[in-house]
Each structure stands twice: as C-alpha cells, then as structure tokens.
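Trainee: Dropping the sequence and predicted coords here.
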Amino acid sequence: MRIDVISIFPDYLAPLSLSLVGKAAQSGLLELAVHDLRSWTTDRHRTVDDTPFGGGAGMVMRPDVWGAALDDVLQPGGTLIVPTPSGETFTQRVAESLVIESQLVFACGRYEGIDARVAERHRQGGGTVREMSIGDYVLNGGEVASLVMIEAVARLLPGVIGNPASLVEESHGEAGLLEYPVYTKPPSWAGLDAPEVLLSGHHAKIVRWRRDRAIERTLDRRPDMIEALDPTTLDKADLAL
Ligand SMILES: Nc1cc(-c2cccs2)n[nH]1
C-alpha cells in the first residue's frame, strides 16, 4: 500500500515517521510520502486560498493548486480521502475497507475547506473520493484527522503489528464489542486485587469471564453496539447477562 499526504503544514505529519507507521514504512510494508501543497503554487506569494463565492467568512482552498497537486500525486486506482467535519464517519469498518486499497491520498484542507470541484473532478474521472469525519467536532485542518486515519489503517496491514490475534479482541474488532478490562503484575496493588479467575490458569473460565466483562462494558458504554451485533454470535451464557 502507498499513502500520500498533501498539506500546507507538512511538518504536522512528522509523527508518521515514528513508531508503528514509521517502522512499517522503514520495513517496506508501506510506502509513505508527505507533500507540501505550496509546491504546486505558481505565484510569488505561493497562494493556496481565496475568498468564497457567495460570500461568507473564511477562505476556500483553490481548485487549480489542488488539481495540479493531485495530477502529480494520485496514481490510477488511487483513493482520495478528504478529512472534513461534513464527511461520513470514520470507523473500524471504514479502516478495514481502506486497508485493501493500492493508494490512499489524504488531502488536508485548512480554512473553510477545499473547492468542491476538486473531489468532483476525481469522481468524474472514475476515481473514488471519500470525504471522512473522525468525529462530531471541528478541527482547524485535516492533518490531525489524517494522522488518526493513517494509524488506524496502517496497523491493519499484515506484518505491521506483532500479534494479529489481538486485532480480534480489540474494541470495535471482529467481536463487535468493547475490550474487557486488563490486568498485569503485581497481583495485588494499592489494596486492589486482580480478578482471581485470571490467575487461575483455567482457560475456559478466563475466556468466559473476559466475554462477560466485554458484554457488560459494551452494554454500559455503547448499547448501540449491542443493537448492531449479529445475534448468531451471542451464546446462551451471553444472553443470561
Ligand atoms: N472530524 C473532523 C474533521 C475536521 C476537519 C478537517 C479539515 C478541516 S477541519 N474537523 N473535524
């Protein structure tokens, strides 16, 4: 997979060279490139925005500059991701749908957004555009949202995280539940003991205890996820909760 990010603040994407995503890029599991949008400006002031048609506050990012950048960066079959508060909600399922793409290009808008014709032109050319929100709150730009989405997608690439089995039991993972509470040594700390069953070595009881806690936690914090569960994945013990 190749990931490109285009931004007027390329340094904002520096964390991509760290940790998990950085290692994936180093090991060749992922091609990663960050581009400065101003490289595609043609005027002395390297202008990327202008006043909105129809009036209103703020500035809109120009289609000609973005169009020139995407002409160079987008590869055939590449998917354009546009972070925006007005996008579809980014979820684990969306991350799973993106990780199979050959190329993702993240267009980080600032100001009041990017001229709508940029996405429209890509769609008209047969390309895929996904305008994506990471939540119902407003950021100043798409860079932080891109970091969030890139990490969520990159960690699903085979070989990027050590133990793929852990992807199953994660919150929002295949089980469709929130993760159970976890404990480690010491067995007693601050007058609080780790649950006996986890130290029992009884695998079946441990599996049951963890599933019970995951269902309880999901019912308490995210009842909407219980509603969305495939009922065939629940067993009698689950239903007894
Ligand atoms: N979810 C979300 C995305 C955003 C922005 C993307 C680009 C500018 S602001 N805010 N909130």
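Mentor: Cool, the structure landed.

Trainee: now the helices for this protein?
Mentor: 19-26, 63-73, 92-98, 117-124, 142-154, 165-169, 196-199, 203-221, 223-228, 236-239 (DSSP state H).

Trainee: Leu16 is in contact with Val34, correct?
Mentor: Yes: Val34 is in contact with Leu16 according to CB atoms under 8 Å; the separation is 6.9 Å. The C-beta positions use only the backbone N, C-alpha and C, and glycine is treated the same way.

Trainee: Common neighbours of those two, please.
Mentor: Common neighbours of Val34 and Leu16, using CB atoms under 8 Å, 6 or more residues apart in numbering, are Val5.

Trainee: Identify the residue nearest the residue nearest to the spatial centre of the chain in space, chain neighbours excluded?
Mentor: Closest residue to the average C-alpha location of the chain: Met149 at 2.2 Å, with CA atoms, centre = their mean. Once flanking residues are discounted, Met149 sits nearest to Phe90: 5.7 Å by CB to CB, 6 or more residues apart in numbering.

Trainee: Quick check: the gap between the one you found and the ligand.
Mentor: 8 Å (CB to the nearest ligand atom, to the nearest Å).

Trainee: One more: Leu104?
Mentor: In this view, Leu104 and the ligand are 16 Å apart by CB to the nearest ligand atom.

Trainee: That residue: neighbour count?
Mentor: 23 (other CB atoms under 10 Å).

Trainee: can you check Arg208 too?
Mentor: When neighbours are defined as other CB under 10 Å, Arg208 has 15 of them.

Trainee: which residues touch the residue lying closest to it once chain neighbours are set aside?
Mentor: Closest residue to Arg208 apart from its sequence neighbours, by CB to CB, 6+ apart: Ala237 at 6.6 Å. By CB under 8 Å, 6+ apart, the residues touching Ala237 are 208, 211-212.

Trainee: try 10 Å this time
Mentor: For Ala237, the contacting residues are 208, 211-212, 215, by CB atoms under 10 Å, 6 or more residues apart in numbering.

Trainee: Most neighbours of all these, which one?
Mentor: Top of the contacts of Ala237 by neighbour count (other CB under 10 Å): Ile215, with 21 neighbours.

Trainee: what's the longest strand seen in the chain packed up against?
Mentor: For the chain, the longest strand by residue count, based on DSSP state E, is strand 79-89. When contacts are defined as 3 or more CB pairs under 10 Å, 6 or more residues apart in numbering; DSSP states H and E, strand 79-89 packs onto strand 2-7, helix 63-73, helix 92-98, strand 103-107, helix 117-124, strand 128-133, helix 142-154.
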